[in-house]
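J.: I would like to see how this sequence folds:
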Amino acid sequence: MTIGEAFAQKDLDKSVLIGYYGGGNYGDELLMEVLSNMFAKHNLKDISISYQTPDTFTKFHHNFGYSLIPLADKIGLVKTILKKKNIIIGGGGLWGMDVNFNIFLLSVLLFISRWVFGKKVYLFGVGYYNSTTKLGHISAFLASKAANVIVSRDEEARGNFTKFNKNTHLDTDIAWYLRDLDLSAYQKDVDQLEKNLDIKPHTLFVTLRRFEKNNKNNYQSVIQQLVATETKRPVIVAIMEPASVDPQGYKMLQQWQQQYPNIQIIDFSFNPLALYLLFRQHSQDLTVISPQFHVIITAYLNGITFFPLAYDNKVRELIKVIAPKSQIVDIKAIDIEKVAAFVK
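T.: Numbering: from 1, shown residues only. So this is what the prediction gives:
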């Protein structure tokens with residue numbers, strides 16, 4: 001069963017959608033926007049979405065009329081779950097390297113919802129990776145036992161989930177379903193984003209990422225070296241979070257912009273489908289260097305050349321599928337020579 005087949009075959013109305021939404025992360029906001037479009041496409045009306053910061057919702061999303069539950073309102077979330085028939089976990093490598101205690105609590109909530117309150121639990125486009133922690137394995141076990149259906153997004157996740165739940169299926173990441181959607185309503189979003197950028201042929205689009213202490217690497221240093229040498233080429237450097245979430249990262253981008261006249265900078269403060277459509281409109285002009293899973297997907301779906309960089313198993317699994325002949329570069333082994341050779 002694929003995610004598309006689940007939407008066609010299952011009664012997904014009266015559902016609460018849960019993910020890492022509202023934190024300002026490009027990938028998670030992209031997943032939520034795609035799912036919202038899919039709900040609307042299938043005429044689903046009774047949908048509630050757990051969202052961390054409802055006051056920022058309109059910055060990142062179109063309004064489909066679905067109700068929002070602030071993440072801080074734990075009682076409200078439980079009440080909503082009790083009223084709904086289904087719980088949908090909408091994508092992401094939740095049970096991977098970045099697992100935390102909140103993911104454990106979510107997994108416990110899913111288990112209780114299924115076996116105490118009789119709710120149907122669907123895990124769509126999710127990942128469970130060998131790179132996770134002991135807490136991650138325990139959390140994945142609980143979530144697996146809670147699920148009526150699991151649709152994994154790659155082979156490693158499928159194999160891990162299948163150990164605990166035989167009703168596990170293989171599909172792709174939810175972002176792939178962008179190709180099935182009518183995105184004409186987003187033209188204003190992409191036009192607004194494009195006003196802030198001057199994209200010329202051979203533009204290099206580079207993103208930075210904040211890494212946890214246990215995954216330190218020299219990626220940022222290498223990019224800084226690259227920026228210092230590529231002074232004649234147009235370069236866009238982005239953080240894929242709002243500047244308010246990563247003020248230190250954005251301040252550094254501002255310093256680079258002042259130092260190098262060919263540098264343009266952006267933070268993630270727009271609808272995620274605007275970037276997807278911007279990439280589509282300028283697919284012949286862009287080359288992408290990014291560690292982010294969903295930036296790589298956004299480039300790939302638009303036929304844009306990307307640097308095969310992996311910081312976690314989820315990215316490695318993705319590149320194996322979309323660029324099987326490429327030599328994957330582990331982020332801890334990255335150096336300026338590899339990146340410079342790719343750019344040239």
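J.: all helices for this structure, in order.
T.: 3-9, 26-41, 57-60, 74-83, 101-115, 134-146, 155-162, 187-195, 219-229, 247-259, 272-281, 293-301, 313-322, 336-343 (DSSP state H).
J.: buried residues in the first one?
T.: Judged by neighbour count using 16 or more other C-beta atoms under 10 Å, the buried positions of helix 3-9 are I3, G4, A6, F7. Glycine gets a C-beta too; all of them are placed from N, C-alpha and C.
J.: ok, of those residues, which one's closest to V288?
T.: Proximity of these to V288 (C-beta to C-beta) peaks at I3, which lies at 25.1 Å.
J.: show me the contacts for the closest one.
T.: Applying C-beta atoms under 8 Å, 6 or more residues apart in numbering, we find I3 in contact with F124, G125, V151, D171, I174, Y177.
J.: How about Y66?
T.: L17, S36, F39, I47, S48, I49.
J.: try it again with 10 Å
T.: 15, 17, 35-36, 39-40, 44-49, 51 (C-beta atoms under 10 Å, 6 or more residues apart in numbering).
J.: What is the nearest of those residues to I328?
T.: Of the contacts of Y66, the one sitting nearest to I328 (C-beta to C-beta) turns out to be L35, at 28.7 Å.
J.: Pretty sure the closest one sits against G92.
T.: No: using C-beta atoms under 10 Å, L35 is not in contact with G92; the gap is 11.2 Å.
J.: Quick check: neighbours shared by these two?
T.: Joint contacts of L35 and G92 (C-beta under 10 Å, 6+ apart) are G19, Y21, F124, G125, I174.
J.: Correct me if wrong: the fourth one contacts V34.
T.: Yes: counting by C-beta under 10 Å, G125 does reach V34; the two are 9.3 Å apart.
J.: which of these two has more neighbours?
T.: When G125 is set against V34 and neighbours are counted by other C-beta atoms under 10 Å, the residue ahead is G125, at 28 against 25.
J.: picking that back up, quick check: neighbours shared by G125 and V34?
T.: Joint contacts of G125 and V34 (C-beta under 10 Å, 6+ apart) are I3, G90, G91, D173, I174, A175, W176, Y177.
J.: Count the neighbours of T133 for me.
T.: 15.
J.: Skipping its backbone neighbours, what lies nearest it in space?
T.: Leaving aside its chain neighbours, T133 sits nearest to V99 (5.8 Å; criterion: C-beta to C-beta, 6 or more residues apart in numbering).
J.: Could you pull up the residues touching the one you found?
T.: Counted by C-beta under 10 Å, 6+ apart, V99 has contacts 93, 107, 128-129, 131-140.
J.: Tell me the spacing between L44 and N86.
T.: 10 Å (C-beta to C-beta, to the nearest Å).
J.: Quick check: neighbours shared by these two?
T.: Contacts common to L44 and N86, judged by C-beta under 10 Å, 6+ apart, are D11, L12, D13, K14, S15.
J.: backbone phi and psi for the second one, please?
T.: Same thing as L12. In terms of degrees, to the nearest 10, the main-chain angles of L12 are phi -100, psi 0.
J.: re the thing from before, specify which member of the contacts of Y66 is nearest to K120.
T.: Using C-beta to C-beta, the contacts of Y66 come closest to K120 at S15, 8.7 Å.
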